[in-house]
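> requesting a structural model of the entry that follows:
(chains A and B)
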Amino acid sequence: MARCWRTRGGLTSRLLAQVGFLPGDTARHHRAVILDLLQEALTESGLTSQDIDCIAYTKGPGMGAPLVSVAVVARTVAQLWNKPLVGVNHCIGHIEMGRLITGATSPTVLYVSGGNTQVIAYSEHRYRIFGETIDIAVGNCLDRFARVLKVSNDPSPGYNIEQMAKRGKKLVELPYTVKGMDVSFSGILSFIEDVAHRMLATGECTPEDLCFSLQETVFAMLVEITERAMAHCGSQEALIVGGVGCNVRLQEMMATMCQERGARLFATDERFCIDNGAMIAQAGWEMFRAGHRTPLGDSGVTQRYRTDEVEVTWRD
Amino acid sequence: MQAAGQGTGGSTGDADGPGGPGVPGGPGSDAGGPGEAGAAGSGGPQGVGASRASGPRGGAPRGPHGGAASGLNGCCRCGARGPESRLLEFCLTMPFATPMEAELARRSLARDAPPLPVPGVLLKEFTVSGNILTIRLTAADHRQLQLSISSCLQQLSLLMWIMQCFLPVFLAQPPSGQRR
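From the prediction side, this is the model:
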C-alpha cells in the first residue's frame, strides 16, 4: 500500500509557488484522490475490506482541513467495514517508520520538516521532546528563503536550495540561535531576507553562497541540540526523519557528530522521509497490536497534537 | 439553498415550519414523506438522497417573526437576539434510505475538534431523526458561517461519494457474526 500515491498535475509545485501549502487546496486535493487511492491500494495488495484489521488515520498535528477530510473517510470506512479506528500522531508515524526501515532500536530522533522541528527520545512509554523550535520549523525557514531568492519549486524548494548550496563557496555569517535545548529560525530568516538583496546587489556573495551559509548555520544548530540530547540520554543512535531529513548535507553533518561520539546515524530515503501514508499505517499497526483503539467519539482531529501526548504502550 | 442577508430581519424561517414542504402531506411537500428530495429513491444513488433544492410551493412557512421563510431544506436563518448579538443560522436536512445510513453519516461528520478560538460563535449540530440527518450551523459572523457551510457541504459530498463506493458492498455482506 505504501507504493500508491497521488499527485495531480504538478500540484505540489503549483501550491508551493504561491504561499506554500494552503489548507483548502490541500484538502481539496485529498478529497479528490483519496477514494481512488484507497481502491487502488486494495487492488494492488490483493486484499478486500474483510482482510483489513483496522483503519489508521492521522489524528494530528497538521492543517485542519486536510486532516478533517481524511478523518471523514476513515470514520465512514471504519463503520462500513466494521473495523476499529486508530488515530495516529503524525510525528510518531515518522518515528515508527524510521525505526522500521532503518532497524534503529532506541535512537535519539531528529524530526525535521516544513511543519515540525523536534529532538525526541523515548523514555518511559512516551516520546519525550527534548528540544524543538520555538518559532518556525527549519523546513519552513528554507522554503521561505527559497521564495526570497525566487528559487524554483520544482521538485521542491528545499531540494533546490540543497543543490545550490553545493555550489556555494563563501560562508556568510548568520545569526546562530540555540537556546538551551531549543532552536529559533525566525530571526535568521528575517536577517537573511534583509541582507540577501543588498549583498547580492553589491556582489558581496552569490545566491549559492547564501544557500550554503543558511544550510550550514541551521543544520549546525540542529546537530548541536541533537548531540546535547544524545549526551543527556547516553544514546548511541541517532535517527533523522521528516522531509528535511532527505538533505544530504544534514545527514553528513549528523554523521560527523555521531562518528565523533562513537554513535550510529540512521536515515531513510525520500520515500519515507517525506510525509506518507505508510508511516501512519505502520504506527497504527503498532498501536493496534498494543491494544489502542480510537472510539468514534474521540476520533476528532486536532491541529495541535504533541508528540509526547501519546502513551507508547507498544515499547518497553 | 438560500442564505439570509443581514438585512432580512430574521424572517427566512425554517423549512419545517407549519405548512412547509417538510411536513408530510403539507402544501408544497414532495410526495413520499418528510424531507424527501426529488432524487431520493427515484434512480439516484442507492441509499442517498439529495437535499431539497426546490422552493416553497404554496403555504410558505413563516419565520419566527412572521416574515416569509425560505422554504428550502437547506436554509439560512437570521435570528436577531439583540443589537449586540445577531446569530446567523444555516440548516440542512438530508434524507437517507435507512436510519442506519443517516446515523452513520452523523457519526462520520460530527466528530471533529472545535475550531480554534475565533471571534463570534460557531456551533455545529448534527442530529438524526429516523432516516433524516439534520445539520445546523450557527455563527455570529456571516463570513464564518459561509466558510462553515462550504466546509460542511464538501465533507457531506465526500461522505456521499464514499457511501456510493462502499455501501453496496457493505449491504451485500453477511451479518457481522458470520464475517471472518
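> C-alpha only now, for contacts and for neighbours.
OK.
> partner strands of the biggest strand by length in chain B, with direction?
Looking across chain B with DSSP state E, the single longest strand is strand B:86-95. Paired with strand B:86-95 in the same sheet, following DSSP bridges, are strand B:75-80 (antiparallel), strand B:132-139 (antiparallel).
> what residues are up against the closest residue to chain A within chain B?
In chain B, no residue comes nearer to chain A than B:D112, which is 3.8 Å away by C-alpha to the nearest C-alpha. Going by C-alpha atoms under 8 Å, 6 or more residues apart in numbering or on different chains, B:D112 touches A:68, A:299-302.
> A:L189 is in contact with A:F145, correct?
Yes. A:F145 sits in contact with A:L189 when judged by C-alpha atoms under 8 Å, with a separation of 6.9 Å.
> ok, stretch A:57-71 near chain B or not?
Yes. When contact is scored as C-alpha under 8 Å from any C-alpha of the partner chain, part of stretch A:57-71 falls within range of chain B: A:68-69.
> ok, and what's touching that stretch?
Stretch A:57-71 is contacted from outside by A:23-24, A:26-28, A:30-31, A:34, A:74, A:85-91, A:115, A:280-281, A:284, A:299-306, B:112, B:155, B:158, using C-alpha under 8 Å, 6+ apart.
> what about that stretch, start to end distance?
7 Å (C-alpha to C-alpha, to the nearest Å).
> quick one: it to chain centroid distance?
15 Å (C-alpha atoms, centre = their mean, to the nearest Å).
> max-length helix in the chain?
Assuming you mean chain A. In chain A, taking DSSP state H as the definition, the longest helix is helix A:207-233.
> um, chain B though
If each helix of chain B is counted by residues according to DSSP H, the longest one is helix B:142-172.
> what does chain A put close to chain B?
So chain A meets chain B at A:31, A:35, A:50, A:68-69, A:72-73, A:75-77, A:79-81, A:296-302 (C-alpha under 8 Å from any C-alpha).
> in space, what's closest to B:T138 - neighbours in sequence excluded?
B:E89 (4.3 Å; C-alpha to C-alpha, 6 or more residues apart in numbering or on different chains).
> give the bridge partners for that neighbour, please.
Beta-bridge partners for B:E89, by DSSP bridges, are B:R77, B:T138.
> for A:Q118, same thing?
A:Y111, A:E132.
> that one contacts A:Y127, correct?
No. A:Q118 is beyond contact range of A:Y127, at 10.8 Å (criterion: C-alpha under 8 Å).
> in chain A, what residue is nearest chain B?
A:G300 (3.8 Å).
> which SS class is that residue?
coil (DSSP: H, G, I helix; E, B strand; the rest coil).
> repeat that for A:S152.
Of the three states, A:S152 takes coil under three-state DSSP.
> wait, it sits on A:N160?
Yes. If you go by C-alpha under 8 Å, A:S152 and A:N160 touch, sitting 7.0 Å apart.
> before we move on, back to that, mean pLDDT lowest for which of the strands paired with strand B:86-95?
Among the strands paired with strand B:86-95, strand B:75-80 has the lowest mean pLDDT, at a mean of 50.
> quick one: residues contacting B:L133.
B:L133 sits in contact with B:93-96, B:102-103, B:105-106, B:126-127, where contact means C-alpha under 8 Å, 6+ apart.
> follow-up on the earlier one: can you state the direction angle for the longest helix of chain B and strand B:86-95?
20 degrees (axes from the mean of the first three to the mean of the last three C-alpha atoms, to 10 degrees).
> gap between A:C205 and A:P23?
36 Å.
> so for the two, which sits in the more crowded spot?
The neighbour comparison of A:C205 against A:P23 (other C-alpha atoms under 10 Å in any protein chain shown) goes to A:C205, with 18 against 15.
> fine by me, we can end here.
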